[in-house]
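K.L.:
Sequence first, then the predicted structure:
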Amino acid sequence: MFPICAESLPRSGRPDPGRGRDNSPMTPAIELIGIEKRFGAVHANRNVSLRIDPASVHGIVGENGAGKSTLMSIVYGFYEADSGEIRIKGKPVRIRSSQDAISHGIGMVHQHFMLVETMTVLENVILGAEGGRLLAQGEKEARAALADLGRRYGLKVDPDAIVGDLTVGLQQRVEIIKALYRGADILILDEPTAVLTPSEADQLFELTKALKAQGKTVILITHKLREIMHATDRVSVMRRGETVATLDTAKTNPAEIAEAMVGRRVLLSVGKQPARPGRVLLDVRDLTVTDGQGVTRLDRASFQIRAGEILGIAAVSGNGQSELLEALAGMRSAKGSISVDGVPVDPSRPDATALRALRLYHVPEDRHRCGLVLPFEAAESGILGHHGDPRFRRGFLMDHEAITRDEKAKMEAYDVRPPLPGLRSSKFSGGNQQKIVLAREMERDPAVLLIGQPTRGVDIGAIEFIHKRIIAMRDAGKAILLVSVELDEIMSLSDRIIALCGGRITGERLPSQTDERELGLLMAGVPAEAA
Amino acid sequence: MSTPVELPRWADVALAPLLTVVTAFAVSGLVVLAIGENPIEAMSLLFKGALGSKAGWGYTLYYTTSFIFTGLAVAIAFQAGLFNIGGEGQATLGGLGIVLFCFSFEWLPGFLLVPLGVLGAALAGAAWAFIPGYLQARRGSHVVITTIMFNFIAATLMVYLLVNVMGRPGSMAPETRNIADHAVAAPMNVFLGALGISFPRTPLNISFFLAILAAIAVWVLVWHTRLGYEIRVVGASPTAAVYAGISPARITMVTMAISGGLAGLLAVNEIMGLQHRLLLEFSAGAGFVGIAVALMGRAHPLGVVLAAFLFGVLYQGGAELSFDKPAITKDMIVVIQGFVILFAGALEFAFKRPLARLFRIREA
């Protein structure tokens, strides 16, 4: 223990004689007993029980919406469980805020970092634990502690670097240092590799090994089976809010975990006929996107999509798939050439309205920021981007009656609950919000449909419905581009898959002739021959 | 994690603003008490002065008219997520627009000249607000900063023009000659007299009807037209606007121009209705009152009209009050106004949270 930890000891109760290395392996580092959590109609966690051994790496896997994040939010004090108990080193505790969690030695590294980008590493580390009115003393202690952490775990970061200048991998490292500086014994990593390059991910797993060797407990939340197999000692599988299995990683295999994750396999194998591709509806040549910093985000991507075909994009988040969608949808400018159903479009002068006129519609990746206007009524969100449609106009005024009628019909067709066009968009659950967006873009006879993250944060019931709709659109002769972080989704829905890495297309495969492993290598940029 | 504040609609639009007003009055009452006067007596003098006579109503509605224009200007900018504090400058330019049009087209008959004057006010105000709108949209200069600066520029420009260019021949006063009699917006006593209704002579003029029309027009524009929809999308979520093919830059410029046009109409009430000539500082702070009005009126035209009326009462009643009670100066009104802005704008949630809790308890 470094000196900072000692300060947090008195707060966590009387000194525990069992604390330390000679802890009996039978006392779990943290134990959850019968955790229940509901959000309205959504039963996010049902009777979850979990034992996590000290000095181990414990994986928690599950699909989106399986309740992993809710469970960890309860452990970290963002939510309180409706019922159930949390025990840390055998002692029941109540965690009502992240402060409580920190004082019990729990640290969390969020998927989206909580760092002040304009400050230095050192300033970020002491943020919230400045240790007095004047910074000098705290900074001195922190500098010493940082050096100590660097030695102990190989966690080397320049304390005086500006966080915004660091790579994503290093920023994540700063988050981990922050948690350790605050005396974390249990470290929760929430989807840590979603934003990392493969080599950064490898470094991260070296680090978790080092942490384990020093007696720390690491909880790794992910939905990537490769990481589970690679980095964990035990793994708990969550499905629909429940822990359905806890397995020793050494004694299991990816197939068994996948089985447990998905449960009844029906969910992912939508009854799908072979595609009957028609003429080319979307033709993309050398599409290149450069961001504000001059970094090339998408590098000369070329592909075609035919009528009645789904092209899936397999890529780790941040490898150009978002930029690809935005450039195709007229939300950002790009170089290269695009043609929609034979009509050339100039990607350097993005015009989302003109693209919609060519019946290229877009289900955006982020429905909160783009797909809906959260404070608007559902009916008003239901015309976003199509608000110029003459059907919704009467003279020079908007025809609110027609807009409401239209939304009502769509809500019924897509089983949106509650089916109230006048309800605020923010009041619907994630799945229902997504259905509002999908209905808007699908029920308008698109030629080309761009779909980003169709089932992100959507409950299981809705996922099945959405998948069926996407297949139905394909069978109706639409050209569909599908982007998803869920590799399973890409594999089960797509007719062809292209992998992106660092903005470059690294390969194209047929889903029937590839597997997760091969795609994983392509997504990591390993040349196809090696794969 | 804090839960978002959700209130029943009626409480959100009516109860919360009412509470802010009552609180502002209560706190102002304490200030009255502190300077040794009776707050109850002061309050009744204030309301009697504003609403106790036809003349009182005349003055009150005259102030109301000005505040509706500037309140609407701020409100529509709010809808697009913009904070236009340049109402003063835009109104000032509106006055310039009026005299330019009225002098140039003096040969036209009144039924053409008066609308032209109104148009001049709106166009000049719109042009003045368009510049900050352009700077925000294309150059990223924040409108809060630029509109404030444009107030100063407008004031200085006006001094220059009135002293060096447009001054009344043979006069040292920084003001223009009068506009033609047939360019004047009819005083309310004349207008109502023509209908056989007697009304005392007050500054109230037919601009009041223009203000009500403007409020209705803003309501139609914001909630019933495509442009209004686009304005609200940009205000609520610029990213969703980009997704929907709406250019936030274009909407920023258009909205600022509309906002400036509304602020410019203030000059119709002041110049065409009352002063009949262009002079310095005729806007008399109404541009800033518009911010309080829009905040209190929750950026909704009906709310703006009601809040403008409340401030009309405060201004007229306050003037009467300081006449009867010299210890209570007109500054007292500024104090109340300050409290209203404080409670309605800055401390909005101070009322919403306890109210929301109250409603939850009642429901449970």
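P.N.:
Yep, it's here. Numbering: from 1, shown residues only, chains lettered A, B, ... in the order given.

K.L.:
Chain A versus residue B:325, what's the distance?
P.N.:
45 Å (C-beta to the nearest C-beta, to the nearest Å). (C-beta placed from N, C-alpha, C; glycine too.)

K.L.:
right, and that residue touches residue B:45 too?
P.N.:
Yes: using C-beta atoms under 8 Å, residue B:325 is in contact with residue B:45, at 6.8 Å.

K.L.:
okay, the residue of chain A most remote from its centre: pLDDT?
P.N.:
Centroid-distance maximum for chain A: residue A:395 at 44.3 Å, with C-alpha atoms, centre = their mean. Residue A:395 is assigned a pLDDT of 85 by the prediction.

K.L.:
out of everything not next to it in sequence, what's closest to residue B:220?
P.N.:
Nearest non-adjacent residue to residue B:220, counting by C-beta to C-beta, 6 or more residues apart in numbering or on different chains: residue A:397, 7.2 Å away.

K.L.:
Which residues are in contact with the one you found?
P.N.:
Neighbouring residues of residue A:397 by C-beta atoms under 8 Å, 6 or more residues apart in numbering or on different chains: B:220, B:224, B:225.

K.L.:
Give the bridge partners for it, please.
P.N.:
When bridges are called by DSSP bridges, residue A:397 pairs up with residue A:394.

K.L.:
Next, work out how far apart it and residue A:136 are.
P.N.:
According to C-beta to C-beta, to the nearest Å, residue A:397 stands 65 Å off from residue A:136.

K.L.:
and if you look at residue B:112?
P.N.:
According to C-beta to C-beta, residue B:112 and residue A:136 sit 75 Å apart.

K.L.:
before we move on, what about residue B:158?
P.N.:
As judged by C-beta to C-beta, residue B:158 and residue A:136 stand 54 Å apart.

K.L.:
of those two, who's got more company?
P.N.:
Relative neighbour count places residue B:158 above the other of residue B:158 and residue A:136, with 22 against 8, counting by other C-beta atoms under 10 Å in any protein chain shown.

K.L.:
Run the chain-centre distance for the helix or strand hosting the more buried one.
P.N.:
Taking DSSP states H and E as the definition, residue B:158 sits inside helix B:143-160. How far helix B:143-160 lies from its chain's middle: 17 Å, per C-alpha atoms, centre = their mean, to the nearest Å.

K.L.:
Give me every residue in chain B that's in contact range of chain A.
P.N.:
Counting by C-beta under 8 Å from any C-beta of the partner chain, chain B comes close to chain A at B:1, B:220, B:224-226, B:228-230, B:232-233, B:236-237, B:239-240, B:242-245.

K.L.:
if you set the cut-off to 7 Å instead, what comes out?
P.N.:
Neighbours of chain A within chain B, by C-beta under 7 Å from any C-beta of the partner chain: B:1, B:224-226, B:229, B:233, B:236-237, B:239-240, B:242-245.

K.L.:
Just the buried ones from these, in ChimeraX syntax?
P.N.:
Buried residues within the residues of chain B next to chain A, by 16 or more other C-beta atoms under 10 Å in any protein chain shown, are selected in ChimeraX with:
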select /B:225,226,229,233,236,237,239,240,242,243,244,245
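
K.L.:
for the residues of chain B next to chain A, which one is nearest residue A:495?
P.N.:
For these, the minimum distance to residue A:495 (C-beta to C-beta) is 26.6 Å, reached by residue B:243.

K.L.:
Could you list which residues are in contact with residue 285?
P.N.:
Using chain A. Residue A:285 is in contact with A:302, A:336, A:337, counting by C-beta atoms under 7 Å, 6 or more residues apart in numbering or on different chains.

K.L.:
Following the chain past whichever helix or strand it is part of, name the next helix or strand.
P.N.:
In the assignment (DSSP H and E), residue A:285 maps to strand A:280-290. Using DSSP H and E, the next helix or strand after strand A:280-290 towards the C-terminus is strand A:296-306.

K.L.:
and that following strand with strand A:280-290, angle?
P.N.:
If you take axes from the mean of the first three to the mean of the last three C-alpha atoms, to 10 degrees, strand A:296-306 sits at 180 degrees to strand A:280-290.

K.L.:
by contact count, what packs against the helix or strand just after strand A:296-306?
P.N.:
Downstream of strand A:296-306, the first helix or strand assigned by DSSP H and E is strand A:309-314. In terms of contacts (3 or more C-beta pairs under 7 Å, 6 or more residues apart in numbering or on different chains; DSSP states H and E), strand A:309-314 is packed against strand A:479-483, helix A:487-493, strand A:496-501.

K.L.:
Can you tell me which of the ones you listed has the worst average pLDDT?
P.N.:
Among the helices and strands packed on strand A:309-314, helix A:487-493 scores lowest, with a mean of 86.

K.L.:
so where do the strands sit in chain B?
P.N.:
Remark: no strands are assigned in chain B by DSSP state E.

K.L.:
so what's residue A:247 up against?
P.N.:
Contacts of residue A:247 (C-beta under 7 Å, 6+ apart): A:234, A:235.

K.L.:
do that again at 8 Å, thanks
P.N.:
By C-beta under 8 Å, 6+ apart, residue A:247 lies in contact with A:234, A:235, A:236, A:237, A:256, A:257, A:260.

K.L.:
and if you look at residue A:465?
P.N.:
Counting by C-beta under 8 Å, 6+ apart, residue A:465 touches A:414, A:415, A:435.

K.L.:
Same check on residue A:306?
P.N.:
A:277, A:278, A:279, A:280, A:281, A:479.

K.L.:
Need the per-residue pLDDT for residue A:268.
P.N.:
45.

K.L.:
got it, and residue B:342?
P.N.:
Model confidence at residue B:342, expressed as pLDDT, equals 81.

K.L.:
need the contact list for it.
P.N.:
Here residue B:342 is in contact with residue B:24 (criterion: C-beta under 8 Å, 6+ apart).

K.L.:
got the residues of the stretch 251-400 of chain A near chain B?
P.N.:
For the stretch 251-400 of chain A, the residues in contact with chain B (C-beta under 8 Å from any C-beta) are A:329-331, A:351-356, A:362, A:364, A:366, A:369-376, A:380, A:383-385, A:387-388, A:393, A:396-398, A:400.

K.L.:
That'll do, ta.
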